[in-house]
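Student: Fold the following for me, if possible:
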Amino acid sequence: MGIRFKTDFSQFVVSANLKRRGWEEITSVLDDDWDIYWANVATVKFIFGPDNGLRLQAGQLINHFPNHYELTRKDLLVKNIKRHQRTLKRDGGPSDDIIPTTFVLPQDYALFVEEYRKAPNTTWIMKPSSRSQGKGIFLINKLSQIKAWSSNLLPPAMRHSADSYVVSRYIDNPLLIGGKKFDLRLYVVVTSFKPLQVYMSKLGFARFCNLKYIPGADEIDNEYVHLTNVAIQKNGEDYNEKHGNKWTLEDLRLYIEAIRGVETCEKLFSEIEGVVIKSLKACQNIIINDRHCFELYGFDIILDQELRPWLIEVNASPSLSTTTQSDRLLKFKVINDVLLLVTPPDWLPLTLDTSSAQTQGTQPQRSLAVPRTSVGSFRLIYDEEAEAERQVMSFSRSQRASSEVGGASFSANGPWTPGGALRRSGSSVGVQSSQQGSGSGAGSRPGTSSYQSSDSGSGRRRPMSAARARPGL
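Tutor: Here you go, the predicted structure:
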């Protein structure tokens, strides 16, 4: 019997990519005999829910991790990043900010007021924690505009409701191109959280506002000046239907190289990768890792005038709707490359054009045990086990060098162990996480999910060894 797929996505770029492989589509709601399920987040919540009890079979793949919302829900992302930063500071490690100063309302209202009063009339941006496409977003520069969010004024039932907001210091010095504000949509695939394996596509894009940016309070309510979401900008009179107010990442790179230099551009994109990796590390220990799961995320990044990248949010279901022909081609290739990346080699039919993999130096016949450095448009930007191995080797070399300087010989059987060495070196990457396995529920909190896996254990794409990928896209 051939490969069988199931999907509740109607977008062409998903259904066409699944069908072109010659796979059989399952349309019955009751039929759970599928090999891969490209599902929306509501379906995944049901599948992994405590009342369902669905037992996934060996080899089945699904496109979300059970509690992905720890990364993709705005308030939980903020909570996890702040906790991770506290841990890094406590351990003496680097803890650079990757998000603007942010509070969750209504529970952090008093803390927000304290911060606001340090710089009155500063602009802040309010966003619903669980909505997307720019819905419910607005800017403020006066406390009176959100006094209703004081937890003291809310009934008890609403103080910790699902309708919480995050309020962030507005990046009021954004990098402008043609006088217009823009942000970046980056496509990132995580194939495992324990050990962490991260791929980024070079096929992201920059989204521009219709109108030129005007700082200050004059246009604070004009969403066509401040909000880059396509769902908002496409309704404006100045929206360009031909190119959809977008640049490709390659176009953006060429522009930055021209105005700031190649070295500066390479440094910027390396820092962007760092922001992505740090945010994933912040949620790594709380997300349930399961060998059946992979996930395509849409990372939204904004650049300030100093070319510092800031994380805006992470989307579990990045929009796959298309508004232009170039948009359709880009998203079609992204989904094609995701499927090439996550599916076993014997799923690939001989008739399928695999040029996208071959032109990147990757053959269709591949081992899932060893992460590839590139597949189609995706490139490996972080492999936790390879990074841990690199740090152990670096520590070993430094120990040998210091012992030789001191006139003593270094023995690998000395009083240190690799794990101990990493802990003593203050590294945020340890070998212990890669030794704990990654079966269902790994790293989860009690009661997070009662779902059972029929083949839990070490990660499905756990690497044996891999070289660290070079910086840049």
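
Student: domains in the chain, as residue ranges please.
Tutor: Residue ranges for each domain of the chain read 4-69, 101-170, as given by automatic domain parsing.

Student: Now do the end-to-end distance for the last one.
Tutor: Read that as domain 101-170. For domain 101-170, the first-to-last residue distance is 9 Å (CA to CA, to the nearest Å).

Student: what's the answer for the first one, then?
Tutor: According to CA to CA, domain 4-69 extends 27 Å from its N-terminal end residue to its C-terminal end residue.

Student: Mean pLDDT lowest where, among the domains of the chain?
Tutor: Ranked by mean pLDDT, those end with domain 101-170 at the bottom, a mean of 80.

Student: Return the distance of that one from the chain's centre.
Tutor: From the chain centre to the centre of domain 101-170 is a distance of 24 Å (CA atoms, centre = their mean, to the nearest Å).

Student: close enough to count as contact, residue 176 and residue 213?
Tutor: Yes: Residue 176 is in contact with residue 213 according to CB atoms under 8 Å; the separation is 5.6 Å. C-beta: built from backbone N, CA, C; applies to glycine.

Student: Tell me the gap between stretch 372-385 and the middle of its chain.
Tutor: 14 Å.

Student: average pLDDT for it?
Tutor: Here the average pLDDT along stretch 372-385 is 93.

Student: which residues of the protein fall in helices?
Tutor: Counting by DSSP state H, the chain has helices at residues 12-19, 41-47, 69-72, 74-90, 109-116, 223-226, 230-233, 249-260, 262-284, 325-342, 355-358, 384-405, 418-424, 432-435.

Student: among those, which is the most enclosed?
Tutor: helix 69-72 (a mean of 24; mean count of other CB atoms under 10 Å).

Student: and that helix, what does it pack onto?
Tutor: Here helix 69-72 touches helix 74-90, helix 262-284, strand 309-315, going by 3 or more CB pairs under 8 Å, 6 or more residues apart in numbering; DSSP states H and E.

Student: Quick one: closest of the helices of the chain to residue 196.
Tutor: The minimum distance between residue 196 and those falls on helix 384-405, with 4.2 Å, by CB to CB.

Student: Could you tell me the angle between the closest one and helix 262-284?
Tutor: 110 degrees (axes from the mean of the first three to the mean of the last three CA atoms, to 10 degrees).

Student: Of the helices of the chain, which is nearest residue 35?
Tutor: Between the helices of the chain, helix 12-19 lies closest to residue 35; by CB to CB that is 10.6 Å.

Student: any idea how far that closest one is from the chain center?
Tutor: 23 Å.

Student: what does it rub up against?
Tutor: 5, 7, 9, 25, 36, 38, 320, 322, 328, 331-332, 334-336, 339 (CB atoms under 8 Å, 6 or more residues apart in numbering).

Student: now stretch 72-84
Tutor: 69-71, 98-99, 102-104, 127-130, 164, 166, 278-279, 281-283, 286, 297, 313-316.

Student: show me what contacts residue 6?
Tutor: Applying CB under 8 Å, 6+ apart, the residues contacting residue 6 are 25, 26, 31, 34, 36, 37, 38, 39.

Student: State the distance from the second one to residue 307.
Tutor: Look at residue 26 and residue 307: by CB to CB, to the nearest Å, they are 47 Å apart.

Student: What's the per-residue pLDDT of the spatially closest residue to residue 286 that is not a sequence neighbour here?
Tutor: The shortest distance from residue 286 to any non-neighbouring residue, by CB to CB, 6 or more residues apart in numbering, is to residue 70 (5.1 Å). Per-residue pLDDT puts residue 70 at 97.

Student: do residue 419 as well
Tutor: 39.

Student: Quick one, which of the helices and strands packed on helix 69-72 gets closest to residue 59.
Tutor: helix 262-284 (24.8 Å).

Student: Which elements pack onto the closest one?
Tutor: Partner elements for helix 262-284 (3+ CB pairs under 8 Å, 6+ apart): helix 69-72, helix 74-90, strand 180-193, strand 196-201, helix 249-260, strand 295-303, strand 309-315, strand 378-383.

Student: which residues touch the fifth one?
Tutor: With contacts defined as CB under 8 Å, 6+ apart, helix 249-260 is touched by 177, 184, 186, 202-206, 247, 264-265, 268-269, 307, 473.
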